[in-house]
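Chemist: Please work out how this folds:
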Amino acid sequence: MSLWMKTPLIESVPLGLPIGKKIRLKLENVQPAGSFKIRGIGALCAYEANRGAKGFTCATTGSAGYALAWAGRALGLPAVVCAPDTMPPESIRPIQLAGQTVELAGNTWYDADERATALAQELGYTHISTNEHPVLWNGISTIIDELAAEGEKPDTILCSVGSGGLISGLCEGLLRNGWDDVRIVGCGTYGADAYNLAVEAGKIINKETTTSIIPCISALHVIDHVMDFRSSVHLRSFITTDLSAVSACERFLDDHRMLVDPSCGVALAPVYENAPILRESENIVVVVCGGVGITVERLERMKALAVERERRA
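Modeler: A predicted model of the protein is given here:
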């Protein structure tokens, strides 16, 4: 049983025409669980269920938790999602509506993951990694399989990067389909730039803290697997401001009538900015990764915070 669906690939005239490039959108935001996360987490949950899992736990700052809740519900298994105290109610509510449990633990994702790991042992559940497992990466890689089945190879793919689960799966898909010449641009913000630091340094850099207002991409470091592709895939990076990511979401809502999280907006921002990194690109696919817990009201709050931070800078 597949817990995710093949998603549409559409050309975007509003994004492409102003910059004279062909822009196509891989709409992971229309997944039943609201984001690409269900591909990897769904695959891993199904794998563990077949091995006798009695339930699941995971840590989340948003979309991963809903993906786990959705997968558990579809598989008929309970799930406990651990999240930082700062997770907004807009992100908690969908998990509870799926009939699963949310436990708040600590100030960061890392605190929540520590609790999720301990809770799995206490309850006899299976702890699900939301970014680091071969089955998870393979599930995510099906995005590239679907692109390849369309028959038109892009020269550049844009995606958001936090800890690196998405870009790792995409890289695996590129290699499997013989698309190793496609540039893949991982996008973040100045306050959530663990991937950018790793690409520039050629090794993983451990940050002491993050300053972005966008929790889903605020990782202290990328996973090891990201660096496995340094010599086999054309890894590139792009960073922008939090405000630019939020503004990209607003413009995307106007252009395509779809509301996505700013963690997705970072991958749209290079197109809206006509960023120099796209100068040599003519055929671009943006992985519109989606996001759960975003509302117009929350986006407005995030914009106000981003504007205030830039004013103080």
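Chemist: count of neighbours near the nearest residue to F56 once chain neighbours are set aside?
Modeler: Leaving aside its chain neighbours, F56 sits nearest to A79 (4.5 Å; criterion: Cβ to Cβ, 6 or more residues apart in numbering). Every residue, glycine included, has its C-beta placed from N, CA and C. For A79, the count of nearby residues is 27 (other Cβ atoms under 10 Å).
Chemist: Test my guess that A79 contacts T57.
Modeler: Yes. Counting by Cβ atoms under 8 Å, T57 is a contact partner of A79 at 7.0 Å.
Chemist: mind listing what the residue nearest to F56 touches?
Modeler: Listed by Cβ atoms under 8 Å, 6 or more residues apart in numbering, the contact set of A79 reads G55, F56, T57, C58, L68, A69, A71, G72, R73, Q100, T101.
Chemist: 6 Å instead?
Modeler: F56, L68, A69, G72, Q100 (Cβ atoms under 6 Å, 6 or more residues apart in numbering).
Chemist: Also D261?
Modeler: D261 neighbours (Cβ under 6 Å, 6+ apart): G291, I294.
Chemist: again, only this time at 10 Å
Modeler: Applying Cβ atoms under 10 Å, 6 or more residues apart in numbering, we find D261 in contact with 29, 34-35, 62-63, 91, 160, 214-217, 245-246, 249, 289-294, 298-299, 302.
Chemist: for F238, same thing?
Modeler: 158, 160-161, 185-189, 195-196, 266-267, 269-270, 273, 275-278.
Chemist: Only the buried members of these: can you turn that into a ChimeraX selection?
Modeler: Restricted to buried positions by 16 or more other Cβ atoms under 10 Å, the ChimeraX selection for these reads:
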select :158,160,161,185,186,187,188,189,195,196,266,267,269,270,273,275,277,278
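Chemist: Select from the contacts of F238 every entry located in strands.
Modeler: In this view, the contacts of F238 that belong to strands under DSSP state E are L158, S160, V185, G186, C187, G188, T189.
Chemist: from those, which single one is nearest S168?
Modeler: G186 (10.2 Å; Cβ to Cβ).
Chemist: Distance check, the closest one against R236.
Modeler: 7 Å (Cβ to Cβ, to the nearest Å).
Chemist: Check T295 too.
Modeler: 32 Å.
Chemist: Comparing these two, which shows the higher neighbour count?
Modeler: R236 (17 against 11).
Chemist: check which helix or strand covers that one.
Modeler: According to DSSP states H and E, R236 maps onto strand 234-240.
Chemist: go on, A67?
Modeler: helix 63-75.
Chemist: Same check on K303?
Modeler: helix 296-312.
Chemist: Surely K6 is in a strand?
Modeler: No. Looking at K6 with DSSP: H, G, I helix; E, B strand; the rest coil, it is coil, so not inside a strand.
Chemist: tell me the strands in the stretch 101-250 of the chain, going along the chain?
Modeler: 101-104, 126-127, 156-160, 183-189, 234-240 (DSSP state E, counting those that start in this stretch).
Chemist: Alpha carbons only: can I get the last one in CSV?
Modeler: Provided in CSV are the C-alpha atoms of strand 234-240 (Å, rounded to 0.1, in the frame of the first residue of the first chain):
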residue,chain,number,x,y,z
HIS,A,234,26.4,19.0,-9.0
LEU,A,235,25.5,20.3,-5.5
ARG,A,236,24.9,24.1,-5.3
SER,A,237,23.5,26.3,-2.6
PHE,A,238,21.5,29.5,-2.4
ILE,A,239,20.6,31.5,0.7
THR,A,240,18.3,34.5,1.1
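Chemist: Just give me the neighbour total for D180.
Modeler: 13.
Chemist: same deal with the one 4 residues further on?
Modeler: When counting by other Cβ under 10 Å, one arrives at 24 neighbours for I184.
Chemist: Just send the strands of the stretch 101-250 of the chain back as JSON lines, with mean pLDDT and distance to L175 too.
Modeler: Below are the strands of the stretch 101-250 of the chain laid out as JSON lines (pLDDT from 0 to 100; distance: least, Cβ to Cβ, whole Å):
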{"stretch": "strand 101-104", "mean pLDDT": "95", "distance to L175": "37"}
{"stretch": "strand 126-127", "mean pLDDT": "98", "distance to L175": "28"}
{"stretch": "strand 156-160", "mean pLDDT": "99", "distance to L175": "13"}
{"stretch": "strand 183-189", "mean pLDDT": "98", "distance to L175": "11"}
{"stretch": "strand 234-240", "mean pLDDT": "97", "distance to L175": "12"}
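Chemist: Helix 63-75 and the next helix-or-strand element following the helix holding A67, what's the angle between them?
Modeler: Going down the chain from helix 63-75, the next helix or strand is strand 79-83, by DSSP H and E. Orientation note: strand 79-83 sits at an angle of 170 degrees relative to helix 63-75 (axes from the mean of the first three to the mean of the last three Cα atoms, to 10 degrees).
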